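[1] Just the structure for this:
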Amino acid sequence: MKKALITGANKSIGFETARQLLQNNYYVYLGSRNLQNGQAAAEKLKAEGFTQVEPVQIDVSNPESVKAARVELGRKTNVLDALINNAGVLGAVPQNALDLDVDTMHEVFNTNLYGVIRVTQAFIDLLQKAEQPRIVMVTSLSASMVLNNDPTWKYYHHKAAVYQPSKAALNMYTIDLAYELRDTPFKVNAVDPGFVATDFNHHRGTGTAQEAGSRIAKYAMIGTDGPTGKFISEEQNPETGEIPW
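    Numbers count the residues shown, from 1 in each chain. This is a model prediction of the structure:
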């Protein structure tokens, strides 16, 4: 049975991704900053008939919490088949380039970029023991520099001078990581879940968490012929999924 760790999995997109993987016979570790919230999420899934799930307390913004989660998970398994770096924050809004708060930027980067690096480095040894390890970076369509510089793009006027740079930096880390792992069985991709109605955006999105979870789970389960080192948004490009960085 394949095993996956999902950060920020106690609600919304992370929770739906967990459900999708459980439906495909994965054992899922629900990463949650608050253990009680993680336990409640796991119990909800168990009530639906999914027994292969348990919570793991992990605050990706806290190095000690990440280390503790690695120790805890190491007691439960010696291999991970998939790591889904889903935990993320938006930061205070509005986010204007001329008057952004640097402390807010540090807070957002600490979760959206540094947290991903911490988690990836902490669990890479378990992933390396899998036959077909997969890493999914949950990013955002709004991080595409090419699209954001195109006045004809439908989201051209939607700018967030803290959140967008954090996800653009995450995208670059994805490229570098995929490059370093290019001669291994790893597949590493940045996946945009779409403009989804969640607490994250005050439910202003047009898509569903179920759709988003399906998109992320797809790239956590891709076969040996699947892509690596790509920026994927099936909302923007339904045909191939790949979009410009």
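[2] Surely Y156 is in a helix?
    No - assessed by DSSP: H, G, I helix; E, B strand; the rest coil, Y156 does not belong to a helix; its assignment is coil.
[3] That one contacts N148, correct?
    Yes - the pair Y156 / N148 is scored as a contact, 7.0 Å apart, by CB atoms under 8 Å. Just so you know, the C-beta spots here come from the backbone N, C-alpha and C atoms, and that holds for glycine as well.
[4] Just want to know which of these two has more residues nearby.
    A direct count of neighbours by other CB atoms under 10 Å for Y156 and N148 places N148 higher, at 16 against 12.
[5] ok, the more buried one touching Q164?
    Yes - if you go by CB under 8 Å, N148 and Q164 touch, sitting 7.1 Å apart.
[6] where do the contact lists of those two overlap?
    Shared contacts of N148 and Q164, defined by CB atoms under 8 Å, 6 or more residues apart in numbering, comprise S142.
[7] Sketch out the low-pLDDT regions of this structure for me.
    The model of the chain has pLDDT under 70 over residues 197-206.
[8] helices or strands up against the longest helix anywhere in the chain?
    In the chain, taking DSSP state H as the definition, the longest helix is helix 163-180. Counting contacts by 3 or more CB pairs under 8 Å, 6 or more residues apart in numbering; DSSP states H and E, helix 163-180 packs against helix 102-112, helix 114-127, strand 134-138, strand 187-191.
[9] Would you mind giving the ones you listed as CSV with distance to N25 and mean neighbour count added?
    Shown next, in CSV, are the helices and strands packed on helix 163-180 (distance: least, CB to CB, whole Å; neighbours: other CB atoms under 10 Å):
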stretch, distance to N25, mean neighbour count
helix 102-112, 31, 17
helix 114-127, 19, 20
strand 134-138, 15, 27
strand 187-191, 19, 26
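[10] now these as JSON lines including distance to E54?
    Putting these into JSON lines (distance: least, CB to CB, whole Å) gives the following:
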{"stretch": "helix 102-112", "distance to E54": "23"}
{"stretch": "helix 114-127", "distance to E54": "16"}
{"stretch": "strand 134-138", "distance to E54": "20"}
{"stretch": "strand 187-191", "distance to E54": "24"}
